[in-house]
Each structure stands twice: as structure tokens, then as C-alpha cells.
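*Asks:* need a 3D model of the sequence below.
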Amino acid sequence: MLAPTPASPESAGMSKPALDRLENHLKQRYVDAGRFPGTQLLVYRRGKIVHSTVQGFADVERKVPVKDDTIFRIYSMTKPITSVAFMMLVEEGRVALDEPVHKYIPEWKNLGVFQAGTYPAFLTRPPSRPMLIVDLLRHTSGLTYGFQQRSNVDAAYRESKIGEVIKAGTLQSMIEDLAKIPLEFSPGEAWNYSVATDVIGYLVGKISGMPFEQFLKERILGPLGMNDTDFFVPKEKAHRFAACYSADPQGGFNPLAADRKGTLTLQDDPATSSFLSPPSLVSGGGGLCSTAADYLTFCRALLNGGELGGVRLLGPKTLKLMASNHLPGGVDLPAMSRSMFSEAAYNGIGFGLGFAVTMNPAQTLIAGSPGEFNWGGAATTSFFIDPAEELITIFMTQVLPSSAYPLRRELRTMVYAAITDSNL
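*Replies:* Prediction:
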């Protein structure tokens with residue numbers, strides 16, 4: 001895929017001093033302070049890369065610096081790629097958003113809604129309506145993540161190791177396990193961050209008739225030249241793979257822990273990581289590793305209406321549908337969310353088909369544009385795409401959990417502050 005031209009910020013209506021200020025903020029507040037091992041930041045505007053920097057270490061223990069081609073665990077930034085894959089099947093008429101999920105997963109036909117009990121003995125009631133495909137894409141399905149630590153249903157997920165950072169089982173076994181656990185709520189009644197996108201990946205495989213990872217490779221990653229994006233890091237690229245750290249004193253992934261020590265604990269050593277071999281569970285919700293350059297390629301295709309360099313993933317109308325708020329009643333996330341944790345938590349933000357969408361920048365109290373869409377990963381990676389401003393920002397580091405520091409708010413504030421010539 002044709003690499004975008006590096007250019008001065010001023011040539012694309014942005015300020016170099018403002019972007020330098022952001023870089024200095026990352027250095028002083030996070031890297032020098034020992035909160036992040038290292039960072040990579042890409043800012044792309046009006047068809048040009050106007051800011052591309054790396055600093056600090058990809059692997060602190062071995063003193064390996066972050067480089068332009070460092071490979072990161074992108075965790076939930078896998079979700080938009082999986083969602084695009086699914087919408088390609090929708091465009092082909094092979095599946096529709098308003099179809100019941102049990103049409104494709106018959107063992108889920110009689111899934112009940114939790115009322116009482118603990119795993120494996122639950123008291124349930126019938127849902128008020130069946131779970132629809134759209135519920136999976138917008139996280140209104142009634143599914144959850146075990147790390148929410150909010151209910152007996154979450155506890156059952158932890159018991160069955162469903163949706164863990166370290167994956168267990170296969171996609172098929174996950175679907176079978178989920179058939180034995182009730183829903184948190186009736187589909188469409190609330191928003192809850194969940195394993196739903198793993199289920200979308202399973203459906204991509206089932207409907208396309210090829211393994212999910214093969215579909216991604218043949219239809220998205222290969223055609224776009226995203227050659228460093230995969231569910232594992234091959235041996236010949238292992239030297240480029242970053243270490244992952246935890247801001248939690250226990251060294252794990254606890255998004256709800258209040259005790260942050262401001263220093264890092266090694267969580268996943270790149271020399272012994274499970275990401276060095278193909279996983280048994282191919283997670284469409286959080287399984288990919290990638291580079292900033294590869295993810296920029298994907299984002300450029302989305303910014304460009306679903307096409308890049310002659311490769312079309314989706315039509316612009318489908319992409320517009322995905323980047324619209326799909327929460328019932330047109331409300332924002334805080335009005336519907338049951339989640340103790342997600343990758344977004346602002347007023348004025350809705351949710352589309354695979355990512356969060358800014359509805360009303362004034363309500364977010366952060367500069368932005370209506371229609372900007374974004375998501376992030378558990379290890380504090382993030383991206384946002386603003387079609388109105390022709391802007392993409394991609395940030396990479398490797399620190400669990402993403403809720404440890406208010407970095408995403410700071411990134412948005414400081415990137416938008418660097419715009420000197422607005423399109424709006």
C-alpha cells in the first residue's frame with residue numbers, strides 16, 4: 001500500500017509547536033516519570049503524516065528502543081477490524097443486522113436473562129426479545145467480560161476463562177461455554193462492554209465458510225499490505241515485539257484497581273509471550289498484534305470511505321452506517337452503560353458498529369467533531385478518526401490497563417489544539 005507522504009504540520013493546517021508540546025508532555029509526564037516504557041505517536045491530516053515520533057523503550061529490561069516498526073499487542077483495537085470484516089459479509093447479502101443471533105448459533109436459542117444464583121446453577125427469565133446481530137456489534141447483547149467484576153454472570157465468565165487477556169480454549173468452545181451462562185440483561189436494554197466482538201469473529205468464520213483469521217488475511221490484511229498484523233508474531237519478527245507492562249502492583253490486568261504505583265511491572269515478556277505462536281482461540285475482540293504503520297493503513301481506508309490504493313473494503317454508505325450512533329433511543333453511552341470498564345467513558349459519546357462515535361463534542365468537554373469515531377486497546381493503545389477534519393491519530397504503548405491514566409483525554413485535547421486551519 002502506498003505509504004503516505006511525511007509533511008510539515010503547517011502544510012496540513014496544523015502547528016508544529018503544538019505537536020512538539022504534546023510530544024514533550026508524553027516524555028515528561030509518562031516516559032521520564034516511569035509510567036510508560038516508551039511511546040509511538042502518528043498524526044495524519046489531509047493525506048499527509050504530519051507527526052511521527054517514537055521515544056523510550058519497547059523492552060525496558062533489554063534496553064530495546066521503540067522503533068517505527070515495533071510490533072504491539074493492540075487488544076481491543078482488533079474490534080474495528082473484525083467489525084469491518086463482518087460488514088463486508090453484510091454488504092454481500094450473506095447476513096443482515098436485524099437477524100437473530102440464534103439463526104447462526106442454534107445452541108443460544110434459549111439463552112435466559114440472569115435473575116439469581118451462581119455458576120453453574122442460575123435462575124433465569126426469558127429475554128424480552130431475541131439477541132440480534134446488531135446487538136453484538138454495538139455491545140447491547142447482554143454478554144459481558146469477566147473483568148467487569150460486577151455480577152454473578154461476570155464471575156461465571158472468570159470461572160470458564162471466557163474473554164481473558166490470556167486466551168483459553170477455542171472460538172467453538174467459547175460459544176459452547178456461553179450457551180451455559182445467562183445474559184446480564186435482555187438484549188437492547190443496556191450497553192455493556194463484552195466478548196460480543198469475539199462472537200462476531202466466530203460468525204465471520206461460520207458465514208464465510210473459512211477460518212476467521214484466513215478471512216481477515218485474504219480480505220483485509222493482505223490486500224491492504226498490513227503484513228505486520230496477525231494473531232501471533234512469527235519468529236523472524238520476534239525481535240521487533242514489544243514487552244507489555246502493568247501499572248497494577250500485582251502485575252496483571254485489573255482495570256478497576258485504584259492502587260497505581262506509578263512504576264511498571266513486566267506483564268508479558270516478548271521472549272516467552274503466548275503471542276509468539278498461533279493461538280487456539282482466535283480473538284476478534286482482542287487478539288491482534290500490529291504496528292502503528294499498519295493500523296494507519298487500516299484507518300486511512302476508513303477515512304477514505306472504505307477504500308485505499310484501489311482496495312475497497314466497504315462502500316462509503318456502509319461506513320457511514322457503522323460510524324453512526326446505534327444505541328437505542330439515540331442516547332449516549334453513560335445513559336445506557338452497565339460497564340464498570342470500557343475503552344470510552346464520556347458524555348456525548350454514542351456507539352456505532354464497532355467503535356465509539358462522538359455525537360456532541362460540547363457534552364464531552366473535550367475538543368472534537370461530531371462523527372469522529374475511535375476505540376482503544378487494553379494496553380493503552382488508541383486511535384481516532386475525524387472525517388470532518390481529515391484527521392487520524394494513532395498512539396501506541398504497552399501498559400495494562402488503559403484506565404490507569406487519563407492519556408486519551410490528553411491526546412485528544414492536545415491533537416485538536418494543534419489544528420490551526422479547521423475544516424468546520
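*Asks:* for the closest residue to residue 115 other than its chain neighbours, list each beta-bridge partner.
*Replies:* Nearest non-adjacent residue to residue 115, counting by C-beta to C-beta, 6 or more residues apart in numbering: residue 123, 4.6 Å away. Any C-beta I mention is one placed from the backbone N, CA and C, and that applies to glycine too. For residue 123, the beta-bridge partners under DSSP bridges are residue 116.
*Asks:* residue 123: what's it in contact with?
*Replies:* Shown in contact with residue 123 (C-beta atoms under 8 Å, 6 or more residues apart in numbering): 115, 116, 117.
*Asks:* could you redo the residues you listed as TSV and give each row distance to residue 3 and neighbour count?
*Replies:* Putting the contacts of residue 123 into TSV (distance: C-beta to C-beta, whole Å; neighbours: other C-beta atoms under 10 Å) gives the following:
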residue	distance to residue 3	neighbour count
115	55	10
116	57	9
117	55	14
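*Asks:* including distance to residue 245 and pLDDT, could these go into a markdown table?
*Replies:* Listed next are the contacts of residue 123 as a markdown table, based on distance: C-beta to C-beta, whole Å; pLDDT from 0 to 100:
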| residue | distance to residue 245 | pLDDT |
| --- | --- | --- |
| 115 | 40 | 97 |
| 116 | 40 | 97 |
| 117 | 38 | 96 |
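*Asks:* of those residues, closest to residue 11?
*Replies:* For the contacts of residue 123, the residue nearest residue 11 by C-beta to C-beta is residue 115; the value is 60.4 Å.
*Asks:* residue 220 versus the closest one, what's the distance?
*Replies:* Here residue 115 is placed at a distance of 41 Å from residue 220 (C-beta to C-beta, to the nearest Å).
*Asks:* with residue 91 instead?
*Replies:* From residue 91 across to residue 220, the span is 13 Å (C-beta to C-beta).
*Asks:* so which of these two has more stuff around it?
*Replies:* Between residue 91 and residue 220, residue 220 has the larger neighbour count (other C-beta atoms under 10 Å), namely 20 against 16.
*Asks:* pretty sure that one belongs to a helix, no?
*Replies:* Yes: under DSSP: H, G, I helix; E, B strand; the rest coil, residue 220 sits within a helix.
*Asks:* touching, it and residue 84? I think so.
*Replies:* Yes: contact criterion C-beta atoms under 8 Å: residue 220 and residue 84 qualify, at 6.7 Å.
*Asks:* can you report how many residues lie near residue 340?
*Replies:* 18.
*Asks:* got JSON lines for the contacts of residue 123, with distance to residue 101 too?
*Replies:* Converted to JSON lines, those look like this (distance: C-beta to C-beta, whole Å):
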{"residue": "115", "distance to residue 101": "21"}
{"residue": "116", "distance to residue 101": "24"}
{"residue": "117", "distance to residue 101": "23"}
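*Asks:* which among the residues you listed gets closest to residue 357?
*Replies:* Nearest to residue 357 out of the contacts of residue 123 is residue 115 (C-beta to C-beta; 32.9 Å).
*Asks:* stretch 108-120: how far from the chain's middle?
*Replies:* Centre-to-centre, stretch 108-120 and its host chain are 28 Å apart (C-alpha atoms, centre = their mean, to the nearest Å).
*Asks:* same question but for stretch 196-206, I mixed them up
*Replies:* Distance, stretch centre to chain centre, for stretch 196-206: 15 Å (C-alpha atoms, centre = their mean).
*Asks:* mean confidence for that stretch?
*Replies:* When pLDDT is averaged along stretch 196-206, the result is 98.
*Asks:* convert the helix or strand harbouring residue 39 to CSV, retaining C-alpha atoms only.
*Replies:* Residue 39 is part of strand 38-45 when elements are defined by DSSP states H and E. Output of strand 38-45 as CSV, limited to C-alpha atoms (Å, rounded to 0.1, in the frame of the first residue of the first chain):
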residue,chain,number,x,y,z
GLY,A,38,8.0,4.1,25.6
THR,A,39,5.5,5.6,23.1
GLN,A,40,4.8,5.9,19.4
LEU,A,41,2.5,8.7,18.1
LEU,A,42,1.3,9.2,14.5
VAL,A,43,-0.8,12.2,13.4
TYR,A,44,-2.1,12.2,9.8
ARG,A,45,-4.1,15.0,8.3
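*Asks:* adjacent strands (with direction) for that strand?
*Replies:* Sheet pairing of strand 38-45 (DSSP bridges) gives strand 48-59 (antiparallel), strand 391-396 (antiparallel).
*Asks:* deepest of the ones you listed, which one?
*Replies:* Ranked by mean neighbour count, the strands paired with strand 38-45 are led by strand 391-396 with a mean of 26 (mean count of other C-beta atoms under 10 Å).
*Asks:* which element follows that strand toward the C-terminus?
*Replies:* Using DSSP H and E, the next helix or strand after strand 391-396 towards the C-terminus is strand 399-400.
*Asks:* summarise which helices and strands that following strand is packed against.
*Replies:* On a contact count with 3 or more C-beta pairs under 8 Å, 6 or more residues apart in numbering; DSSP states H and E, strand 399-400 meets strand 244-246.
*Asks:* average pLDDT for the strand it packs on?
*Replies:* Per-residue pLDDT over strand 244-246 has a mean of 97.
*Asks:* repeat for stretch 328-344
*Replies:* What stretch 328-344 shows for mean pLDDT is 86.
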